[in-house]
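# Sequence first, then the predicted structure:
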Amino acid sequence: MILTCIGIFFARILDVTFGTLRTVYTVKGKQFIAAFIAFIEVLIWFVVARQALCGPLKHPVLIAISYSAGYATGTMIGTIISNLFVNGFVMLQAIIKKDDKKLIKEIRNAGYGLSIVPLKHELDETAKEMLIIETNKKNSKNVIDIIKTSYPDAFIMINETKAIHNGLLK
C-alpha cells in the first residue's frame, strides 16, 4: 500500500510537471513541443489514474492524499523548471523622472535598446517618462538592477512577450 502511494505521488509529480511545461510551450506558440509533452503527460496520467482507482482500496484517503500531494508538488516543480530553462522575452516598463540622461545612457551602454514615452498626470505635476525595454528573460534582472541603482523605489512592470519582430535585443 505504501509503495502504491509513493508511486502515485512521484508519477503525479512527473505528470503535472510535464503539464506545466506543456502550458508554457503552448502559450509561447511552440505547438509541436507542446503536443509531444501532452502525449507523455496523458500516458503517465492514465497509468497513475488506473493505479489509483483500480488498485487495492484499503486506504482510499491515503491514495487521494498521495495523488493530491503529487499534483501540488508537480505544479511547483514545473513552474521552477519553466522559469529556469524555458527562455523567452520580457518587456520591462519603468516609470522614472523626465530626462534622466544618465540612466538612459547606462541602459544603452549595457547593450539594451529602449523606447521612452513621456507621461503626464493631472494630479501629479512631476514630469515623468516610461522606459520600455525588451530583453531576454535571463537578462531582466540585470536591467532591473541598473534601474534600481538610480531609482530604488521605481515602479517597474514586467510582462512576458510571445514574439518579437525587429528591434534591438541584447
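It's in. Residues are numbered from 1 along each chain as shown.
# Tell me the helix or strand right after the longest strand anywhere in the chain.
Longest strand in the chain by number of residues, with DSSP state E as the criterion: strand 124-136. Proceeding N to C from strand 124-136, the next assigned helix or strand is helix 140-150, under DSSP states H and E.
# what mean pLDDT does that next one have?
Here helix 140-150 scores 90 as its mean pLDDT.
# Report the next helix or strand after it in sequence order.
By DSSP H and E, the next helix or strand past helix 140-150 is strand 155-161.
# and that following strand, what other elements does it pack with?
strand 89-97, helix 140-150 (3 or more Cβ pairs under 8 Å, 6 or more residues apart in numbering; DSSP states H and E). C-beta here means a position set from N, CA and C on the backbone, and glycine is covered the same way.
# ok, and what's touching that strand?
Strand 155-161 has contacts (Cβ atoms under 8 Å, 6 or more residues apart in numbering) with 27, 88-95, 134, 137, 140, 144, 147.
# Direction included, what does that strand pair against?
Here strand 155-161 has these sheet partners by DSSP bridges: strand 89-97 (antiparallel).
# Skipping its backbone neighbours, what lies nearest the spatially most distant residue from the centre of the chain in space?
Distance from the C-alpha centroid of the chain peaks at Lys58, with 40.1 Å (Cα atoms, centre = their mean). Leaving aside its sequence neighbours, Lys58 sits nearest to Met1 (Cβ to Cβ, 6 or more residues apart in numbering; 6.1 Å).
# What count of nearby residues applies to that neighbour?
12 (other Cβ atoms under 10 Å).
# Could you break this protein into its assigned domains?
Per automatic domain parsing, the structural domains of the chain span 2-85, 89-161.
# and the ones you listed, which is most packed in?
domain 2-85 (a mean of 16; mean count of other Cβ atoms under 10 Å).
# Now do that domain: distance from first to last residue.
33 Å (Cα to Cα, to the nearest Å).
# again with stretch 120-129
8 Å.
# And the contacts of it?
95-100, 116-119.
# re the thing from before, surely the residue nearest to Lys58 touches Ser66?
No: with contact defined as Cβ atoms under 8 Å, Met1 does not reach Ser66; the gap is 10.2 Å.
# Quick check: the spatially most central residue of the chain vs Ile77, distance?
For the chain, the residue nearest the mean C-alpha position is Asn83 (5.0 Å; Cα atoms, centre = their mean). Going from Asn83 to Ile77 by Cβ to Cβ, to the nearest Å gives 11 Å.
# where do the helices sit along this structure?
2-27, 31-54, 60-85, 101-109, 140-150 (DSSP state H).
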